[in-house]
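Participant: structure of the sequence below:
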Amino acid sequence: MSLTQTERWTLLGRSFPPLQFTETCCWKEVGKTMLTLYAAHLSRQVVLRFNGSCNSTVEDLFGAITNDKENATTFGLAPGPAILAYMFGYWLYIDEANLLKEELVQTLNCLVDDVLSLNQFTKGLGMLKCTSAYTNQPPHFLGDNEHALLVNRHPNFRLIFAQNPRNKRYNREKHSMNILSNFSSLDVTWGDSMQEKKQEWQIIFEETFERVFPNISCTELAKRAVAFHADISSDTAMKELTKMESNGDLFEHHHYMELTVRELKRFVAVACNYVTMQEHPSVEEDSFPQLAIFMSSVYGARFQTSEARAFVKSLAKRHLLNNDVDSPSFNPDPVVVEHNAVYLCGLKMERNEAVINAQTIKDMISSEIRKSIEQIDGDDLMCVVRLHNELVLFLSQGQFMNEYGCYDFVNRDSLNRLVQLVFSPFANEPIESTEKVLEETLVPSLMRVFVAPIRCVEAQEMVLNKLETLLDKENAYNFELDGLRVSKIPNADVNFDPIVLIPEMIENAKECIIAFWLRIPLMLCGPSNAGKLVLLRFLSVIMNVDMTHMFLSADTEVQDMIGLTIPEKDSEENMILRWHDGHLPRVMKKGGMLVFDNILALKSSVLQRLNPVLEERPSLVLTENNEVSPIPNPRKFMRCGSANKGHDASIRKQIPHGTCPIQLTVSLHHSSTSPSATKLHLLMHMMVVGNFSQTLTATICVLYFP
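Facilitator: Purely as a prediction, here's the structure:
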């Protein structure tokens, strides 16, 4: 029980001398990290978290030699989390501790002593400046010799090892007795009997729900959900599911099928989101059919065969509906996109509204062009942004996409292209103001960016009509609207085929939306050309978030994703070491969708480094850049992996249990990724309009891509 564990934890810290460390050697998903953070909160302690792996080095924990950020010509030791915790009295929490190399664990033994010598880490260069988070004071060194860096161990320092059990499922390494003799073991479980576990799970469900809705009782829903969780995770149900999953072709081993309390927590989060969307928030019997569908989606995502998913769905119906109500069919509603929200199959998802100001647009204009414009008005620049955003919103509306397909202007850098087209004609031609620029070039530029790439004439006319309506609202400008005709559309500098919306894609997108609700990483699984990346592009468009695609292979290294330090010369020609962020920290900092394509091909050591990023609460400490604090987690950081049929079982075991796998089994001939489907979609509209030349071109494309 959590309260009992917290009491034992508190007593452990009081009863043993500071030389004693604490190890949690316990089961997965029982709250080791949260227990530590809660105990630290009660004790008002700073916790430095470190995710261990076989790739971890002494430099990652104790620090590395680098240059001072304030004085690039000064080099020294940037202390790592182990030294900082030792000096200033923090708690050092090392997760997956039994994945650390034995020599690194042996090095941690030096933290047992009352006094720590830093000479082995400073290499004679001294230590860079650092201060305590408690007192804002630098560390106190013993003695007068600045080269003999000795520090006392702070009385509040604690080292905490957290790890999952060493069994067949996890196959973890075991520490030597020399290491374990310095630890006090604490097993964290949900209880010994099923009754105790159910009581604990129901408390978690109710308190989590009532934290969001304090005036709504969910006792009956919690009771049924806990009963379902106990039933689906029982040995009897798992044997049935294992038999059904033997027909799957992605995973050979069934370790991914383990259902933990994590799934129950996810369902609570989904239920809270669903109640939030209701006009009058409540948890009544009439809402249970919809919640049963959500429950089958959350738990069914762990399985790869349709038989197993149907079994989960029937069990969810039995427990949540008591077999009194037939499970309703889930007919997807049209996609509805608003300025700040997306409704897909009745599920609401936040839509990103990029915060763009006039200075952002001004920075897109080259300095040469800015010199040619005598007066740059911020209101004129924001007019460009308004028209751009309104057209992107219109093209992502469900009515337009269902009829003509989804055009991806979100990941085409359309705003930057529009700004360049508007202002580039005046690179060497002086002009009075940005108002004159817009009146001359904005309309043809908008047509070139948003209308010309669309290959269906009927769709082009709809966009032109929308553009004319938007320009009429801009009363401050005298735009020339006579050119808003199909015959005046300029040649496209970029052509791309639309994403054809089909029922299977909408259904899969609904599963993805639930995962985004829960802020857990997606794992799209299926054969080549099943539409994995196309599905993610579609979600990127309707949610208006940038998608960063990283294709991975067995040769991919950690630095390819994290970043690396490169020697450079500063403005004064001094050689310095400068860190360059990779795609992973860059997207974590600014938000967006990051796609780990072909993630199963990664080496085990690289996957271990990614483990904290693929958790429900992603965390990344750039120890390679001598940082000790994790990157602040933006709300709109979405992690998506894609995988074809697996071949190496040892690699597949490394995929974290916290992902939400979604199986795509759509046939190529019915997939929105099929070139023939796209060409036929275009051909249908072109034949209606009667444009013979475009019809002929589309027909040739259809024949060429059968």
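Participant: for the stretch 451-600 of the chain, what spans make up the helices?
Facilitator: Taking DSSP state H, counting those that start in this stretch as the test, the helices found in the stretch 451-600 of the chain are 457-473, 503-518, 532-543, 558-562, 583-590.
Participant: can you say which of those is nearest to His280?
Facilitator: helix 503-518 (20.7 Å; CB to CB). Bear in mind the C-beta positions are built from the backbone N, C-alpha and C, glycine included.
Participant: just the CA trace of the closest one, in PDB.
Facilitator: Extracted C-alpha coordinates of helix 503-518, given in PDB (Å, rounded to 0.1, in the frame of the first residue of the first chain):
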ATOM      1  CA  PRO A 503     -13.000   5.100 -42.900                       C
ATOM      2  CA  GLU A 504     -10.000   2.900 -41.900                       C
ATOM      3  CA  MET A 505      -7.800   6.000 -41.600                       C
ATOM      4  CA  ILE A 506     -10.400   7.900 -39.500                       C
ATOM      5  CA  GLU A 507     -10.700   4.800 -37.200                       C
ATOM      6  CA  ASN A 508      -7.000   4.600 -36.700                       C
ATOM      7  CA  ALA A 509      -6.800   8.300 -36.200                       C
ATOM      8  CA  LYS A 510      -9.300   8.000 -33.300                       C
ATOM      9  CA  GLU A 511      -7.000   5.500 -31.600                       C
ATOM     10  CA  CYS A 512      -4.100   8.000 -32.000                       C
ATOM     11  CA  ILE A 513      -6.200  10.800 -30.500                       C
ATOM     12  CA  ILE A 514      -6.800   8.700 -27.400                       C
ATOM     13  CA  ALA A 515      -3.000   8.200 -27.100                       C
ATOM     14  CA  PHE A 516      -2.400  11.900 -27.500                       C
ATOM     15  CA  TRP A 517      -5.100  12.600 -24.800                       C
ATOM     16  CA  LEU A 518      -3.000  10.400 -22.500                       C
END
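Participant: which other helices and strands contact that helix?
Facilitator: Applying 3 or more CB pairs under 8 Å, 6 or more residues apart in numbering; DSSP states H and E, one finds that helix 503-518 contacts helix 261-277, helix 288-300, strand 341-344, strand 347-350, strand 522-525, helix 532-543, strand 660-663.
Participant: quick one, which of these is packed in tightest?
Facilitator: strand 522-525 (a mean of 26; mean count of other CB atoms under 10 Å).
Participant: show me what that strand is packed against.
Facilitator: Using 3+ CB pairs under 8 Å, 6+ apart, strand 522-525 sits against helix 503-518, helix 532-543, strand 637-643, strand 660-663.
Participant: which of these sits closest to Asp555?
Facilitator: Nearest to Asp555, of the helices and strands packed on strand 522-525 and by CB to CB, is strand 637-643 at 17.3 Å.
Participant: comparing the helices of the stretch 451-600 of the chain, which yields the minimum mean pLDDT?
Facilitator: Between these, the lowest average pLDDT goes to helix 503-518, which shows a mean of 80.
Participant: kindly compare burial across the helices of the stretch 451-600 of the chain and name the winner.
Facilitator: Taking mean count of other CB under 10 Å, helix 532-543 is the most buried of those, at a mean of 23.
Participant: ok, and what's touching it?
Facilitator: If you take CB atoms under 8 Å, 6 or more residues apart in numbering as the criterion, helix 532-543 is touched by 335, 337, 342, 344, 349-352, 396, 406-411, 499, 501, 505, 508-509, 512-513, 516, 524, 526, 546-547, 549, 593, 595, 597, 640, 642, 664, 671-673.
Participant: redo that, cut-off 7 Å
Facilitator: For helix 532-543, the surrounding residues in contact (CB atoms under 7 Å, 6 or more residues apart in numbering) are 335, 337, 342, 349, 351-352, 396, 406, 408, 410-411, 499, 505, 508-509, 512, 524, 526, 547, 593, 595, 597, 640, 642, 664, 672-673.
Participant: now do it: distance to the chain's middle.
Facilitator: 14 Å (CA atoms, centre = their mean, to the nearest Å).
Participant: okay if I get the helices and strands packed on strand 522-525 as CSV plus distance to Phe423?
Facilitator: Formatted as CSV, these follow (distance: least, CB to CB, whole Å):
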stretch, distance to Phe423
helix 503-518, 37
helix 532-543, 26
strand 637-643, 33
strand 660-663, 43
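Participant: nearest to Ser487, out of those?
Facilitator: Once these are compared by CB to CB, helix 532-543 is nearest, at 28.6 Å.
Participant: hmm, back to that, for the helices and strands packed on strand 522-525, which one sits closest to Cys110?
Facilitator: strand 637-643 (36.2 Å).
Participant: which helices and strands sit right next to that closest one?
Facilitator: strand 522-525, helix 532-543, strand 592-597 (3 or more CB pairs under 7 Å, 6 or more residues apart in numbering; DSSP states H and E).
Participant: turn the helices and strands packed on helix 503-518 into CSV, columns for distance to Met34.
Facilitator: Formatted as CSV, the helices and strands packed on helix 503-518 follow (distance: least, CB to CB, whole Å):
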stretch, distance to Met34
helix 261-277, 11
helix 288-300, 20
strand 341-344, 31
strand 347-350, 26
strand 522-525, 24
helix 532-543, 29
strand 660-663, 20
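Participant: out of the helices and strands packed on strand 522-525, which is closest to Thr33?
Facilitator: helix 503-518 (17.5 Å).
Participant: contacting residues around the closest one?
Facilitator: With CB under 7 Å, 6+ apart as the criterion, helix 503-518 contacts 266, 269-270, 273, 294, 297-298, 301, 332, 344-345, 347, 349, 522, 531, 535, 538-539, 638, 660, 662, 664, 666, 672.
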